[in-house]
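S.K.: Sequence first, then the predicted structure, then my questions.
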Amino acid sequence: MSREHELGHFGERVAAKWLRLQGWNVLWQRFKNGHRDIDIIARKANTIAFVEVKTRSDLSFGDPITAVGYYKLEQLWRSASVWVIRHGPPGVEYRVDVICVLVRDKHVKIRHVENAHTFNRSR
C-alpha cells in the first residue's frame, strides 16, 4: 500500500473516531457502489451524513476541502442515493459532509464541514 493510501486510511479512522466522540453512530465505513465509495456513513438523531474524508500531511496542495469540488459532491450524492434506496430509513435528513484531516508530525487537526450538499428523501 502506498504512503498516500496509508495516510488516507489513517484519516478515515481518525474521522470515524472523532465522529463517535461527537455523538455520531458510525453505520458504515467504505460503502462501495461500483467504482465509487463513501468513506463514512454516520447517524446522529434524525440526520444521516455521508462523509467524504480528505487527509493531507501538509498544505502544499492547498486546503483539503478544495479537493472536494462539484464533480466529487455529485458522485457522493449518486452513491448516497443508492445507499438510501437500499438501507435508508424514512423520516430523516440526509446530507453530505466533508471532514478534513491535517496530519503534521504527531499533531492532527480536524475540520468538519457540515451540509456540503443536502438532500431530503421521503417514503
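M.R.: Structure received.
S.K.: Tell me how many other residues crowd residue 79.
M.R.: Residue 79 has 20 neighbouring residues, counting by other C-beta atoms under 10 Å. Bear in mind the C-beta positions are built from the backbone N, C-alpha and C, glycine included.
S.K.: Spit out the contact partners of it.
M.R.: Residues in contact with residue 79, defined by C-beta atoms under 8 Å, 6 or more residues apart in numbering, are 31, 33, 36, 37, 38, 50.
S.K.: Mind doing that once more with 7 Å?
M.R.: Residue 79 makes contact with 31, 33, 36, 37, 38, according to C-beta atoms under 7 Å, 6 or more residues apart in numbering.
S.K.: My guess is the third one contacts residue 72. True?
M.R.: No. Contact status for residue 36 versus residue 72: not in contact, 9.8 Å apart, counting by C-beta atoms under 7 Å.
S.K.: of the two, who's got more company?
M.R.: When neighbours are counted by other C-beta under 10 Å, residue 36 and residue 72 differ, and residue 72 comes out ahead with 17 against 14.
S.K.: Could you give the backbone dihedrals for that one?
M.R.: The phi/psi pair for residue 72 (degrees, to the nearest 10) reads phi -60, psi -40.
S.K.: what's the closest non-adjacent residue to it?
M.R.: Leaving out its chain neighbours, the residue that sits closest to residue 72 by C-beta to C-beta, 6 or more residues apart in numbering is residue 52, at 6.9 Å.
S.K.: Would you mind writing the CA trace of the helix or strand hosting residue 113 as CSV?
M.R.: Here residue 113 is covered by strand 107-120, with elements defined by DSSP states H and E. The C-alpha trace of strand 107-120 is given here as CSV (Å, rounded to 0.1, in the frame of the first residue of the first chain):
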residue,chain,number,x,y,z
HIS,A,107,-0.4,16.6,15.6
VAL,A,108,-3.8,16.1,14.0
LYS,A,109,-6.2,18.9,13.1
ILE,A,110,-9.8,18.0,12.1
ARG,A,111,-12.4,20.3,10.4
HIS,A,112,-15.9,19.1,9.9
VAL,A,113,-17.8,20.9,7.0
GLU,A,114,-21.5,20.1,7.5
ASN,A,115,-24.0,20.2,4.7
ALA,A,116,-21.6,20.3,1.9
HIS,A,117,-24.6,19.0,-0.1
THR,A,118,-28.1,18.5,1.4
PHE,A,119,-31.0,16.5,0.1
ASN,A,120,-34.2,15.1,1.6
